[in-house]
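Visitor: Prediction below, plus the sequence it came from.
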Amino acid sequence: MKRSLFWYLKSTTKFILLSCAIFQTNEIALAYEGLSKNPGTRAMGMAGVFSAQSDDSSAIWYNPGAIALYKYISSDITIELGQRPISGENIDSLNDNIYENSDSETTLNFLAAYTRNIPFIKNNKYVGIGFSYFSPYNLQINVNAAINALSEIPYGYINAKYHQFSSLISARAHNKLSIGATFDFIWIDIECLEFQPCVQTGPTAIGVKFGALYEAIRTKELTLKISTLWQSEAETQYFSKPNSGIGSILNEYLPNRPNMFGIGASLQKPTPWMLITSNVIYESVNWSSSINKGKQLTDYHNIGVSFELMTNVKSGNSFGLRVGSKLMQSKESISSDVLINAIGLGYEIKRRHIIDVAIENRRVNGIDENSNYVTLSYAWQKTK
């Protein structure tokens, strides 16, 4: 059968595109999703599956639109101390795995405050403001670029510690709907492990996050809430880039904060003995737009489920048990999926002082990596 010139051109084009696709797939590397910490000990005890519940100040991270829906919360302050993961090896090639040889550090993980007591708004029942500090990542990265054009000696390994400060505004738009947003400022502390002098200041980034919570069903038997969340990408950059030294190339090695979209649901069921809350989430985290050393990072799908059981004990105090599981699933088979299982305990005194402890286990598929992290938090909450 005689084939036309168009057929050969079309077949050749398909072959080239397929070859490019295969080449690009080989260039896709691991992302840092499995190294992201779940802030807030209470939410950590539920493996971070919390966006449709978010009834404390950690909502500033999980869903900035949620907390205004809870009319009874006037103010909430949370402080958390605990362990968080540190990456072990950098993404140098497809054979390296950032989850291998990972470590942990104990530090101030999370600090948050929320209030509806705004001085210039009298009898305020609708609008709340707040802030939070959180350190989501501590990454060890190999900057393998040469120190100068006359030398083959690389800069070597650095520690890059990410910090995020978020300011919140959250408002109840309707009796069943609340919305909110945060303005996020991110800065990175750089520690050079093999090269001196290092940079005095690291790059910064700016981003936003929007969230909403809708109460779909409320009866005496149950309450159902639906949440949605969108987080912008935050590009790391220098506003005044250093002319020389390691600072001049850091942007090529430090990943941006990724864009993310999430939805969730929370079902609350009262019983004579306890209040049972169950949560589910789905998140799409787009690391592929965050370039690390010119390589495309793989995107992740996160799915999770959690439960909280709260029961009154005596003298107005209450006890809580929490469990959760979240699967961080890579869209690329070459990357490692991360499974988080968590459990937490909480004790609330006079509906004012809350002490929480949680432990989470992170297991990485494909490698022998199984890590545990523990956190402890204290929260003060004023209710009406």
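Guide: Done, it's in. Numbering: from 1, shown residues only.

Visitor: for the protein, where's the lowest mean pLDDT among helices and strands?
Guide: helix 5-27 (a mean of 40; mean pLDDT, DSSP states H and E).

Visitor: Tell me which residues are up against the very next helix or strand once past it.
Guide: Tracing the chain past helix 5-27, the next element assigned as helix or strand by DSSP states H and E is helix 41-44. Helix 41-44 is contacted by residues 38, 50, 56, 58, 62, 80, 82, 320, 322, 342, 344, 346, 354, 356-358, 360, 375-377, 379 when judged by C-beta atoms under 8 Å, 6 or more residues apart in numbering. From N, CA and C alone the C-beta is placed, and that goes for glycine too.

Visitor: Out of those, list just those in helices.
Guide: Counted as lying in helices by DSSP state H, out of the contacts of helix 41-44, are Tyr62.

Visitor: Which among the contacts of helix 41-44 count as buried?
Guide: Neighbour counting with 16 or more other C-beta atoms under 10 Å marks 38, 50, 56, 58, 62, 80, 82, 320, 322, 342, 344, 346, 354, 356-358, 360, 375, 377, 379 as buried within the contacts of helix 41-44.

Visitor: The longest strand seen in the chain packs against which elements?
Guide: With secondary structure taken from DSSP state E, the chain has its longest strand at strand 154-174. Applying 3 or more C-beta pairs under 8 Å, 6 or more residues apart in numbering; DSSP states H and E, one finds that strand 154-174 makes contact with helix 59-62, strand 127-134, strand 138-146, strand 177-192.

Visitor: List the ones among the contacts of helix 41-44 that fall in strands.
Guide: Secondary structure from DSSP E places 80, 82, 320, 322, 342, 344, 346, 354, 356-358, 360, 375-377, 379 of the contacts of helix 41-44 in strands.

Visitor: where does the stretch 51-200 of the chain have low pLDDT?
Guide: Judged by pLDDT under 70, the stretch 51-200 of the chain has its weakly predicted residues at 87-103.

Visitor: Correct me if wrong: Ser325 contacts Ala342.
Guide: Yes - judged on C-beta atoms under 8 Å, Ser325 makes contact with Ala342 at a distance of 7.5 Å.

Visitor: Tell me the residues that contact both of the two, please.
Guide: Joint contacts of Ser325 and Ala342 (C-beta under 8 Å, 6+ apart) are Ala47.

Visitor: tell me which residues of the helix or strand harbouring Ile303 are tucked away?
Guide: Using DSSP H and E, the element containing Ile303 is strand 300-312. For strand 300-312, the buried set under the neighbour-count rule, 16+ other C-beta under 10 Å, comprises 300, 302, 304-306, 308-310.

Visitor: got it, and stretch 260-269?
Guide: Under the neighbour-count criterion of 16+ other C-beta under 10 Å, stretch 260-269 has 260, 262, 264-268 buried.

Visitor: Show me the strands paired with the helix or strand where Thr277 lies, marking each as parallel or antiparallel.
Guide: Assigned by DSSP H and E, Thr277 falls within strand 275-286. The pairing partners recorded for strand 275-286 under DSSP bridges are strand 259-270 (antiparallel), strand 300-312 (antiparallel).

Visitor: any chance of those in TSV, with distance to Ser240 and mean pLDDT too?
Guide: Below are those laid out as TSV (distance: least, C-beta to C-beta, whole Å; pLDDT from 0 to 100):
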stretch	distance to Ser240	mean pLDDT
strand 259-270	26	97
strand 300-312	33	95
